[in-house]
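Novice: Build me a model from this:
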Amino acid sequence: MIRLAIIGLGKIARDQHLPAIAANPGFELAAIVSRSASMSNVPVFDTIDAMIAAGADVDAVAICTPPQVRGPIARASIDAGMAVMLEKPPAATLAEFEDLRRRAAQAGTVLFATWHSRHAAMVSAARDWIAANPVGDVTVRWREDVRKWHPGQQWLWQPGGLGVFDPGINALSILTAILPDPVWVEGAVLSRPENCQTPIAAALDLRSGATRISADFDFREQGDECWSITAHAAHGGRMVLDQGGARLAIDGGAPRSGAEAEYPGLYARFAELVANGVSDADPAPLRLVADAFMVARTERVEAFIE
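Specialist: Residues are numbered from 1 along each chain as shown. Down below sits the predicted model:
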């Protein structure tokens, strides 16, 4: 049994982590670290330092705070010998993430950077199709309403919050999992509201070997979300992976789908890593976001107020 503490009891922790922990017999919720939340029958601490000082019986932590403050929390957890699960994105910068990877390796502790969309039901089937069908081009459309999915989360618009790349990195995590060659950024246009410090929309040109990729990320979508990846094979076949990776259609055929698998999959993977004492901390999706900021042309758009 892995005794786990959740650090940061916000929307993602309540919507996804708590149900996944409750459904997995390999975990026990042992503590909460939050300045404002409370929970019956589970001790709550204001800070990670307070939890460590109290000698709480905790084997692992799931860090669900905004990315701007994850680094110090993860470092303290690693130094205390706890296994660490990081919500996405795993850190505010690539350098900070590399430092966490180095620290965990030196300390012999487990570090798990969670790319939850890679665990969507049909992602592995999409990877298998691409392996058998060399792809000429890929189109990504990842559009949603920030008011629906991130209500009141002002950290998104502050430095390190990533803006539209907070959901967009989910698409990048799938791309880097299903394409056989590394993905890199060739160009980007970022749309930044006048009163925000991060983009509300982004258009990316990417490449993976001979495969050209165009990606459209937008936080201003009205109506239903669009989380889709369409791949055209060199021989003319087409694959559409949509609903964030939950549904797959090949050559216009009837879509296949599977049960919700993302966060249950993350916790099953975390349990496996802890049991084997190994880490899983892929920087590729975060590197693509960092590279997009490096090469981007920025356009100012009208002020956004959530």
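
Novice: which residues sit in contact with R256?
Specialist: By CB atoms under 8 Å, 6 or more residues apart in numbering, the contact list for R256 reads 122, 125, 247-249. All C-beta atoms are positioned from the backbone trio N, CA, C, and that covers glycine.

Novice: Let's have the residues you listed in JSON lines, adding distance to R192, neighbour count and secondary structure.
Specialist: What follows is these, written out as JSON lines (distance: CB to CB, whole Å; neighbours: other CB atoms under 10 Å; DSSP: H, G, I helix; E, B strand; the rest coil):
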{"residue": "M122", "distance to R192": "33", "neighbour count": "23", "secondary structure": "coil"}
{"residue": "A125", "distance to R192": "36", "neighbour count": "17", "secondary structure": "helix"}
{"residue": "R247", "distance to R192": "32", "neighbour count": "18", "secondary structure": "strand"}
{"residue": "L248", "distance to R192": "34", "neighbour count": "24", "secondary structure": "strand"}
{"residue": "A249", "distance to R192": "34", "neighbour count": "17", "secondary structure": "strand"}
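
Novice: For the residue located most distally from the centre of the chain, give its distance to P134.
Specialist: Relative to the centre of the chain, and counting by CA atoms, centre = their mean, the farthest-placed residue is H235 at 32.5 Å. Taking CB to CB, to the nearest Å as the measure, H235 and P134 are separated by 8 Å.

Novice: next one: R143
Specialist: 28 Å.

Novice: again with S257
Specialist: 25 Å.

Novice: what's the answer for I174, then?
Specialist: Counting by CB to CB, the gap from I174 to P134 is 18 Å.

Novice: Pick out whichever of these two has more residues nearby.
Specialist: A direct count of neighbours by other CB atoms under 10 Å for I174 and P134 places I174 higher, at 25 against 13.

Novice: How about the more buried one, nearest residue that isn't a chain neighbour?
Specialist: Here the nearest residue to I174 in space, its sequence neighbours aside, is S117; by CB to CB, 6 or more residues apart in numbering that works out to 5.3 Å.
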